[in-house]
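Sharing a sequence plus its predicted fold:
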Amino acid sequence: MHLFFDLDNTLWDFDTNSGSVLSNLYAEYDLAKKLNTDFESFYKVYHKINDELWHLYYFKKIEKAELRYKRFYDAFLFFGYDDIIMSKAMAEDYVKHSPYTKALKPGCIETLEQLGTQHELHIITNGFFEVQNIKIDNCGLRNYFSQIIISEEYGLNKPHVEIFRLAETLAGTNAKESVMIGDNLVSDIEGAIGAGWRAIYYNCYGTNFKHETAESIGHLNELIPLFVK
Ligand SMILES: [Mg+2]
């Protein structure tokens, strides 16, 4: 089989990593004072705005440069603070530091080691080329994977079917032999199902999940009994 993994929040612990960089920047930029709120409240708002902007980016409604600073600008505005120059500076610092953080999801390496003995492993990630490559190298993930498909390189994003077809071609496989594992119900799960692939939802927060065709796991090591004979 060909097992295709999402990267952010499936292998690379995006929440932990991004939270630690943001909380450092929060202090560095003296945001507690400027926004008159604590980091947790800011982070919740930022998180929501970031998700919404990524959604627009997937559907080509905004550009990369706009996404990068607007998530900060809009979050600052929410707290009544209007500073586009600082938003752009913080956005740059964030993008510079965050790929060098190293937390992986629990069980990540052990699971890849085991799956890799019997299957070909690949990554399909929606993200920026230089950023995703740094993360993959910095965390020692590269050698586990045959194909690493980064959306920006091809101008194609999950959930669009074209990126799954491209993945089949690059990996030398077909829909029947392909499985997508990811934490996003739209880009990973709907995308893979739309391409005729088997889809496994990584439900790491244990939210209520019921789906006609997709399976789900709560921990990466649940993949081992599913795929290692
Ligand atoms: Mg993800």
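Looks like it came in fine.

Residue 181: which element?
Under the assignment given by DSSP states H and E, the secondary-structure element containing residue 181 is strand 178-182.

now that strand: how far from the chain's centre is it?
14 Å (Cα atoms, centre = their mean, to the nearest Å).

Could you do stretch 11-19 as well?
What separates the centre of stretch 11-19 from the centre of its chain is 9 Å, taken as Cα atoms, centre = their mean.

For residue 200, name its beta-bridge partners.
Listed beta-bridge partners, residue 200: residue 181, residue 215 (assigned using DSSP bridges).

Residue 94 is in contact with residue 21, correct?
Yes. Between residue 21 and residue 94 there is a contact at 6.1 Å, judged by Cβ atoms under 8 Å. For glycine as for every other residue, the C-beta is placed from the backbone atoms N, C-alpha and C.

Touching both of those two, which residues are there?
The overlap between the contact sets of residue 21 and residue 94 (Cβ atoms under 8 Å, 6 or more residues apart in numbering) is empty.

From the ion, how far out is the residue sitting furthest away from the middle of the chain?
Of all residues in the chain, the one whose C-alpha sits farthest from the chain's mean C-alpha position, using Cα atoms, centre = their mean, is residue 33 at 30.7 Å. Residue 33 sits 33 Å away from the ion when distances are taken as Cβ to the ion, to the nearest Å.

returning to what we had before: just confirm yes or no for the helix or strand just after the strand holding residue 181 near the ion.
Downstream of strand 178-182, the first helix or strand assigned by DSSP H and E is helix 191-194. No. Contact between helix 191-194 and the ion, assessed by Cβ under 5 Å from the ion, is absent, since the two come no nearer than 11.4 Å.

695 is where my numbering starts, stick with that
All set: I'll call the first residue 695, so the last point we hit is now helix 885-888.

got the buried residues for helix 885-888?
Along helix 885-888, these residues count as buried under the neighbour rule (16 or more other Cβ atoms under 10 Å): 885-887.

Give me the residues contacting stretch 826-837.
With contacts defined as Cβ under 8 Å, 6+ apart, stretch 826-837 is touched by 701, 705-706, 793-794, 796, 798, 803, 806, 817, 819, 839, 842, 844.

With respect to the ion, which of those is nearest?
Within the set of these, residue 701 lies nearest the ion; the separation is 6.7 Å, counting by Cβ to the ion.

show me what contacts the closest one?
When contacts are counted by Cβ under 8 Å, 6+ apart, residue 701 is found next to 817, 819, 821, 826, 829-830.

Alongside the ion, which residues does the protein contribute?
Along the chain, the residues adjacent to the ion under the rule Cβ under 5 Å from the ion are 700, 702-703, 877-878.

if we go to 6 Å?
700, 702-704, 876-878 (Cβ under 6 Å from the ion).

who wins for most neighbours among these?
Comparing the residues of the chain next to the ion by number of neighbours (other Cβ atoms under 10 Å), residue 876 comes first, having 27 neighbours.

And the contacts of stretch 724-733?
716-717, 719-720, 736, 770, 773-775, 777.

now, among those residues, which is nearest to the ion?
Top of the list for closeness to the ion, among those and by Cβ to the ion, is residue 716 at 17.4 Å.
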